[in-house]
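Novice: Sequence first, predicted coordinates after that:
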Amino acid sequence: MAVVRLTKLCAVAMMLVLVPLTSSVQATMPHAAPPIPVPKPVDAATAERMQGIEPVSEAGQGHELLCLAQAIYFEARSEPVRGQRAVGQVVLNRVASPHYPDTICDVVHENAHLPNRCQFSFACDGEPDTITEQARWREIVWLARGLLACKTDCNDEPAAKEPLWTSTHYHADYVSPHWAKALWPTGHVGHHFFYHERMA
């Protein structure tokens, strides 16, 4: 009888020791750590300030630069640089065409009030236009600056002679828009097919 009582006492003592120890171990296990905070998205101007470059203003040429950079960023930020430039060139080619608005911002946001009826889908998809990849945004801003600064000098580059740089339309490779059949194919870069409008 004395042995049984001693065994029970030992069992109780062990439980009193192990319970706090187990709780202490669980508290230090990795899964108990709080989640890593996710940075909140920032707008374009804030992203540029974070990267140490002059923010794109919304006045004059700065506003046009902002519209061009946004079009490239939201439409092609995951594409190779050649594909990003081609998307930007589509914007500029439309500005130069008599069949489209005369400014970059007007071209980019044409039909923005009509859901899924615009060339640049980010402008009419109903989603907030928020910059979430600051490093990529900085690269695209510089690319857009270069496209805007590229006047007659760029026409002498071999690449400028390619049909791709005359494009006025493009679409992702996972869709087949009906209008593509009426256009001339000019190239395929990354996940985008490009076209030239016959009447342009």
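Specialist: That came through fine. Numbering: from 1, shown residues only.
Novice: quick one: low-confidence ranges for the chain?
Specialist: Along the chain, segments meeting pLDDT under 70 span 1-61, 116, 151-160, 199-200.
Novice: Which parts of it are strands?
Specialist: 169-172, 184-189, 192-196 (DSSP state E).
Novice: Tell me where the chain has helices.
Specialist: Taking DSSP state H as the criterion, the chain contains helices spanning 2-28, 44-50, 61-76, 81-96, 104-108, 134-149.
Novice: In contact with Glu110, which residues?
Specialist: Glu110 is in contact with 100-101, 118-119, 123, counting by C-beta atoms under 8 Å, 6 or more residues apart in numbering. Every residue, glycine included, has its C-beta placed from N, CA and C.
Novice: so can I have a markdown table of the residues you listed showing distance to Arg138?
Specialist: Listed next are the contacts of Glu110 as a markdown table, based on distance: C-beta to C-beta, whole Å:
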| residue | distance to Arg138 |
| --- | --- |
| Tyr100 | 28 |
| Pro101 | 28 |
| Cys118 | 26 |
| Gln119 | 25 |
| Ala123 | 22 |
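Novice: how much space between His178 and His171?
Specialist: 11 Å (C-beta to C-beta, to the nearest Å).
Novice: For the two, indicate the residue with more neighbours.
Specialist: His171 (17 against 6; other C-beta atoms under 10 Å).
Novice: That one contacts His192, doesn't it?
Specialist: Yes - assessed by C-beta atoms under 8 Å, His171 is found in contact with His192 at 6.9 Å.
Novice: how many other residues sit next to the closest residue to Thr186 other than its chain neighbours?
Specialist: With sequence-adjacent residues excluded and distances taken as C-beta to C-beta, 6 or more residues apart in numbering, Thr186 is closest to Pro163, at 4.1 Å. Counted with other C-beta under 10 Å, residues neighbouring Pro163 total 13.
Novice: what do you get for Lys181?
Specialist: Lys181, neighbours per other C-beta under 10 Å, totals 8.
Novice: Gly83 too?
Specialist: Gly83: 23 neighbours (other C-beta under 10 Å).
Novice: again, but for the one 4 residues further on
Specialist: One way to gauge burial is a neighbour count; for Val87, by other C-beta under 10 Å, it gives 26.
Novice: now it: how far from Leu114?
Specialist: For Val87 relative to Leu114 (C-beta to C-beta), the value is 20 Å.
Novice: Also His178?
Specialist: According to C-beta to C-beta, His178 and Leu114 sit 16 Å apart.
Novice: cool, and Thr132?
Specialist: In terms of C-beta to C-beta, Thr132 sits 26 Å off from Leu114.
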